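**Q** I would like the atomic coordinates for the input below:
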Amino acid sequence: MSQFKEILLIKNGELALKGLNRGTFEAVLLKNLRYRLRPLGKFGLRKAQSTIYIEPLEAGTDLDEVSDRVAQVFGISAFSRAMVVEKEMGAILEGAASYLAEALQQARSFKVEARRADKSFPLGSPEICAQVGEYLLERFPHLRVDVHAPELTVWIEIRDFAAYIHAPQRAGAGGMPVGTGGRAAILISGGIDSPVAAYMMAKRGVELTAVHFASPPYTSERAEMKVVSLLEQVAAYAGRIDLRIVPFTHIQEEIQRKCPEDLFTLIMRRFMMRIAARVARSADCGALVTGESVGQVASQTIPALACTDAAADLPVFRPVIGMDKEEIIAIARRIGTFETSIQPYEDCCTVFTPRHPRTRPKLEMVEQAEEALDIETLIEEALAGIRRQMVHSR
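**A** From the prediction side, this is the model:
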C-alpha cells in the first residue's frame, strides 16, 4: 500500500471539442470507467475543469491495475497518477521530493511545470516552478535543470480542492466513449483482421454485437473458443460484446452442391451479409462491420466487394480496408489479439475455399447462380439455430 494519498487525473481529449452535448459524452465515459473499475474496489469519480478525478475509497487498492484498465477505456487521451497535498507550498515542496524520489534519483536532468487553475493561490506558475526547482536541487544535488529536453518533468497542478503532484502523463486509448457512436454488428472470424476492425469501430464509440459463422463438423469447438477468446481481448476496450453464433454448415453444403465452384466464397459471403443484417436489425444495430482489406484475398477485390455489399441492406464499414497486413498485425499485437488469431483452428471461411476463385465477378452472374438456392429458407433455418453468448473482458 502506498504511503501517499494518490488519485488518477484523467484528460478526456477529443470530448473537449464537443459543444452543448459534451456532458452527455462525459456521462457515458464516467459510466464506462465505473464498469471497468468495479472489480477492483470502490472509487469516487467526479469531473471538474476538463478533468475526471478517480479516487480510491478503500485501502490497498492496486493502482497499477487501475492504471492498466483506465489505459484501455476509449475517450481518454491521457492520464496520470498523482499525489494529493494541501494547497500550501511547504506541503507541495515536501510532497514533490518524497512522491517522486525514485524517479528523481534515477534522472540526471529535470524541469518543473506548474498549472494554477485556482487563481486565488498566492503564487503564479513561474514562482511555483522556481521554488519547487530550487528545493529539488537542494534535495537531489546530482540533478541539473534542463528546460528543453529534461529526462524528467515534475508537474504541479493547483486545482479547486487540492494541489496535485505527478510525473509525465501516460497515454490513454483515445477515441470516443463506447456507447456514444451507435451500434453495429461485426462479422467476426478467428483471423487477424476482424478483431482489429472491431477494436477500431469501438474506438469511435460504437457498441458492438458480434456475429460468428460456425460450420461443424468442418470447424471444431476450439475454433469457437478461439473467437470467444478474441472477443474477450477486444472487450477490454469495447466493453461487453453480445455474440451470436450462426450455424452455417447447411448453407455451405448447399452452395457447394448447387453453385459454380469459382463463386463459392462470394455466394457464401453474400449469405453472411444477409444473415448478419437480420441479426443487426434485431439487435438495434445500424451498420455491419467487416475486417476486409482491398486485394488481400480473391473475395476482397473491388468487384467482389461490390457484389457482397449488394446482398446487405445496411451500411457496411471496413475500418482496415486500406491497410496492408503488416499494419493490421501491428495493431493486433498492440491490443493483444495476434497470438490468439494465429492459433491453427480453421473457421468456416477457410473450409470451402475454391481452388480458383473468381476475382472480377459480375453481380448478374452471381445472382443467376444463386437462383439454384432456396435463399429465404436457408436464412430462416440459420436464424432459428443461432446461439447467443455475452462476452466480457478477461
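**Q** Next one: the residue nearest to Asp242 when sequence neighbours are not counted from Asp62, what distance?
**A** Counting by C-beta to C-beta, 6 or more residues apart in numbering, the nearest residue to Asp242 once its immediate chain neighbours are dropped is Thr209, at 4.6 Å. In this view, the C-beta of every residue, glycine as well, is placed from N, C-alpha and C. Distance, Thr209 to Asp62, by C-beta to C-beta, to the nearest Å: 32 Å.
**Q** out of these two, which sits in the more crowded spot?
**A** Thr209 (22 against 12; other C-beta atoms under 10 Å).
**Q** show me the contacts for the more buried one.
**A** Arg183, Ala184, Ala185, Ile186, Ile241, Asp242, Leu243, Arg244, Val279, Ala280, Ala283, Cys285 (C-beta atoms under 8 Å, 6 or more residues apart in numbering).
**Q** and whichever strand or helix holds it, C-alpha only, in PDB?
**A** Using DSSP states H and E, Thr209 maps to strand 207-214. This file holds the C-alpha atoms of strand 207-214, laid out as PDB (Å, rounded to 0.1, in the frame of the first residue of the first chain):
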ATOM      1  CA  GLU A 207     -21.100  -0.500 -29.300                       C
ATOM      2  CA  LEU A 208     -20.700  -4.000 -30.900                       C
ATOM      3  CA  THR A 209     -22.700  -7.100 -31.500                       C
ATOM      4  CA  ALA A 210     -20.600  -9.900 -32.900                       C
ATOM      5  CA  VAL A 211     -21.800 -12.400 -35.500                       C
ATOM      6  CA  HIS A 212     -19.700 -15.600 -36.000                       C
ATOM      7  CA  PHE A 213     -20.500 -18.300 -38.500                       C
ATOM      8  CA  ALA A 214     -19.700 -21.900 -37.400                       C
END
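**Q** Listing partners with orientation, what would you give for that strand?
**A** Pairing partners of strand 207-214, with direction, according to DSSP bridges: strand 183-187 (parallel), strand 241-247 (parallel).
**Q** Pull the distance from it to the chain's centre.
**A** 16 Å (C-alpha atoms, centre = their mean, to the nearest Å).
**Q** what does the next helix-or-strand element following it rub up against?
**A** The helix or strand immediately downstream of strand 207-214 is helix 221-238, counting by DSSP H and E. Defining contact as C-beta under 8 Å, 6+ apart, one finds that helix 221-238 is touched by 72-74, 173, 178, 188-190, 195, 198-199, 202-203, 207-208, 210, 212, 214, 241, 243, 245, 335-337, 340-341, 343, 345-347, 389, 391-394.
**Q** Dihedrals phi and psi, the residue lying farthest from the centre of the chain?
**A** What lies farthest from the middle of the chain is Glu138; by C-alpha atoms, centre = their mean that is 44.3 Å. Main-chain torsions, Glu138, degrees, to the nearest 10: phi -70, psi -40.
**Q** Read off the pLDDT value for it.
**A** pLDDT for Glu138: 97.
**Q** For it, give me its contacts.
**A** Here Glu138 is in contact with no residues (criterion: C-beta under 8 Å, 6+ apart).
**Q** Could you do Thr340 as well?
**A** By C-beta under 8 Å, 6+ apart, the neighbours of Thr340 are Lys226, Ser229, Leu230, Gln233.
**Q** Those into TSV, with extra columns for distance to Leu20, neighbour count and pLDDT?
**A** Listed next are the contacts of Thr340 as TSV, based on distance: C-beta to C-beta, whole Å; neighbours: other C-beta atoms under 10 Å; pLDDT from 0 to 100:
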residue	distance to Leu20	neighbour count	pLDDT
Lys226	45	22	95
Ser229	42	18	97
Leu230	38	28	97
Gln233	36	23	97
